[in-house]
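J.: Okay, sequence plus prediction incoming.
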Amino acid sequence: MLEGRLLCMPFQAKPVVLNERERRELEAISGSQSLPAGFVVRAKILLLSSEGWSHAAIADKLDIATRTVWRWKRRFLEAGLDGLETERPGQAPPKLTPKLRARILNATRRKPRDGSTHWSCRKLADHLGVSKTMVHRVWQEAGLKPHRLERYMASNDPDFERKAADIIGLYLDPPQHAAVFCVDEKTAIQALDRRDRVLPLSPGRAERHGFEYKRNGTLSLYAALNTKTGKVQGKTARRHTSKEFVRFLEDVVAPYGAEQEIHIICDNLSAHKTKTVAEFLEAHGNVKLHFTPTYSSWLNQVELWFSKLQRDVISRGIFTSTADLARQLRRYINAYSKAAKPINWKYSNPSRRIRHMETSSGTVH
């Protein structure tokens, strides 16, 4: 016991100083729900120690023994993050060498041979014969998240760069005194009602919806986002047609005089290129349409707002009828527009092939 006290004394006085990388790794470990609990506790010990907490205070907060605090503090001061690995009798403490780090990274990039599509932290650790925490550390350093998947669609538009530059120019350098709107439709929004009652949110339990639902019809939502103010104008419709699209455009341009220049950004949907639309443009010479390149809806700012609408209203919404759905959509749009802010649009392209135009011209195809 006396020997333990003597070993403990020098480390009690020595502070734990973390560099940026060590702090970032320890914070990630301390918030993990998949790593072993003991490893999470060790990370919390070091984070608290770096903030000047005493051993007794740390032990009290984490409900552990004081000797556990100084043991892992000593291990860290001796070997850094490698010292947090679990000791195994008769084996040297594992160390994350550059060679082992490269081995873990190379294995992560290859598919597992058991037919699964990606590695889990535990599966790769078992495959390589290393600890799960070591794999986690390497993934954290490299910013790897094998469980995540992102999808993309490459545009096949041969005129992509010119069209993209035209729209980017409207965002970054719009014509003086012109009004710019991003317009699109969100079609076939289902008015779903739940057959079982909703169990509300409570401590330790998420809100729960019954699995079975009842369909009460669908609606389409036309929306126009003003790029200068961020405000949204919306209109619901039973059907998604070119005539409905033109009626909505008439509502959008109605507050503006015939001399006011208006630019409308929309996608290449066939309903946007009909004879009815052409007649509308002839009757409103101050209105110009700008079409996004194919498979490039990300260029239309109203798509960002549609994503927010989906999360806030539609995904968990309960609607007893299409009229109820329309009412809740209108209420959300009105509330959103009262505190709306313009989207802070930025474009970054290392090759700098796309440059916004000095003046924007309308495109009709």
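T.: Structure received.
J.: Low-confidence ranges, the stretch 251-365 of the chain, go.
T.: Across the stretch 251-365 of the chain, the ranges flagged by pLDDT under 70 are 347-365.
J.: give me that answer again for 80
T.: Scanning the stretch 251-365 of the chain for pLDDT under 80 picks out the ranges 345-365.
J.: what about the helices in it?
T.: Assigned by DSSP state H, counting those that start in this stretch, the helices in the stretch 251-365 of the chain fall at 275-283, 302-309, 322-338.
J.: Just put those helices in a markdown table and tack on mean neighbour count.
T.: (C-beta placed from N, C-alpha, C; glycine too.) Putting those into a markdown table (neighbours: other CB atoms under 10 Å) gives the following:
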| stretch | mean neighbour count |
| --- | --- |
| helix 275-283 | 13 |
| helix 302-309 | 18 |
| helix 322-338 | 16 |
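J.: Between those, which one is closest to residue 145.
T.: Evaluated with CB to CB, those place helix 302-309 nearest to residue 145, the distance being 20.8 Å.
J.: before we move on, back to that, any idea which of the helices of the stretch 251-365 of the chain gets closest to residue 222?
T.: helix 302-309 (9.9 Å).
J.: for the closest one, packing partners?
T.: Here helix 302-309 touches strand 179-194, strand 213-226, helix 322-338, going by 3 or more CB pairs under 8 Å, 6 or more residues apart in numbering; DSSP states H and E.
J.: Quick check: next helix or strand after the second one?
T.: Elements were assigned by DSSP states H and E; along the chain past strand 213-226, the next helix or strand is strand 232-237.
J.: which of the residues in that following strand are buried?
T.: Across strand 232-237, burial judged by 16 or more other CB atoms under 10 Å covers 232, 233, 234, 235, 236, 237.
J.: now these as TSV including distance to residue 43?
T.: As requested, the buried residues of strand 232-237 are exported to TSV (distance: CB to CB, whole Å):
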residue	distance to residue 43
232	44
233	50
234	47
235	53
236	51
237	54
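J.: Return the closest of the residues you listed with respect to residue 209.
T.: Using CB to CB, these come closest to residue 209 at residue 236, 23.6 Å.
J.: if I pick that closest one, what's in contact with it?
T.: The neighbourhood of residue 236, defined by CB atoms under 8 Å, 6 or more residues apart in numbering, consists of 219, 220, 221, 222, 325, 326, 329, 330.
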